[in-house]
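[1] Coordinates for the following, if possible.
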Amino acid sequence: MVRLIPRDEKFFDLFTRLGDIILEASRKLEGMLASYDRLHERVAEIQALEKQGDGVDREVAARLERSFVTPFDREDIHELATHLDDVLDGIQATAETFLIYKVQRPTEEAKEMAGILSAQAVQLLEALNKLEHGKDIAANLEMVHDLEHRADGLSRSAIGRLFEDGSDPLVVIKLRDIYSSLEDTIDAAEDAAEVMERILAKT
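    Model (predicted):
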């Protein structure tokens, strides 16, 4: 059937671009915690990626303004862009927190949570690449949820140990904030997956 009113399909390209940026930023955060050197340089690289993501997010908003017909609901487009941007913001905030708090070294739990975030980013990007055709996405989105559940348990146990070990209260506050930042970012990735699930349910 010939479309009398064409849809703006470039939204899919913008979303996959955001997915690419998120994956690169999450891997840079993971690498930063693994090596824990050149922190200022590594944080600056993540900040630059976050700015790229902001540019893509602005383009999504601009396309929404000028597109007569969109590939799926405008509200869903806006929500998906917002949650993907939240992931990038969270990655940047987490990296900056290590720098601002002058954390001597990351905990193993923080490294593991950063690894979970990177794994989510892989699944999100695969799902975003498939979104246009709406096929074979369920497994990717389910993995995003499973990874969030793993991170949730890890964060709770890590925070619990902080209060059991008799650590310096200032160290406890710093690490708790870092765990919370990582968990919020991982939650944002799950939020993006839930939007994609809603999109698929409507098609």
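[2] Could you use CA atoms for every contact and neighbour count after this?
    Fine.
[3] Check which residues of stretch 21-41 are buried.
    Buried residues in stretch 21-41, counting neighbours by 16 or more other Cα atoms under 10 Å, are found at 21-34, 36, 39.
[4] Next: stretch 61-79.
    Neighbour count says stretch 61-79 has 63, 64, 70, 72, 77, 79 buried, by 16+ other Cα under 10 Å.
[5] and what of stretch 155-173?
    155, 158, 159, 162, 172.
[6] ok, so of these, who is nearest residue 123?
    Nearest to residue 123 among those is residue 155, at 20.9 Å by Cα to Cα.
[7] Now name the helix or strand holding the closest one.
    helix 138-164 (DSSP states H and E).
[8] Does the next helix-or-strand element following that helix pack against any helices or strands, and if so which?
    With elements assigned by DSSP H and E, the helix or strand that comes after helix 138-164 is helix 169-202. The contact analysis (3 or more Cα pairs under 8 Å, 6 or more residues apart in numbering; DSSP states H and E) places helix 169-202 against helix 74-100, helix 108-130, helix 138-164.
[9] picking up where we left off before, just flag the most distant two among the buried residues of stretch 21-41.
    21 and 36 (21.4 Å).
[10] which residues of this structure score low on pLDDT?
    1-9, 165-166 (pLDDT under 70).
[11] tell me the centre residue of it?
    Centrality entry for the chain: nearest residue to the mean C-alpha point is residue 87, 2.9 Å, by Cα atoms, centre = their mean.
[12] Would you agree that one is in contact with residue 188?
    Yes: here residue 87 reaches residue 188: they are 5.5 Å apart, a contact under Cα atoms under 8 Å.
[13] My read is that residue 145 contacts residue 192, right?
    No: look at residue 145 against residue 192 with Cα under 8 Å: they stay out of range, at 10.5 Å.
[14] Quick check: of the buried residues of stretch 61-79, which lies closest to residue 202?
    Nearest to residue 202 out of the buried residues of stretch 61-79 is residue 72 (Cα to Cα; 8.7 Å).
[15] who's in contact with stretch 118-136?
    Stretch 118-136 is contacted from outside by 12, 15-16, 19-20, 22-23, 26-27, 30, 137, 140-141, 143-144, 147, 186, 189, 193, 196, 200, using Cα atoms under 8 Å, 6 or more residues apart in numbering.
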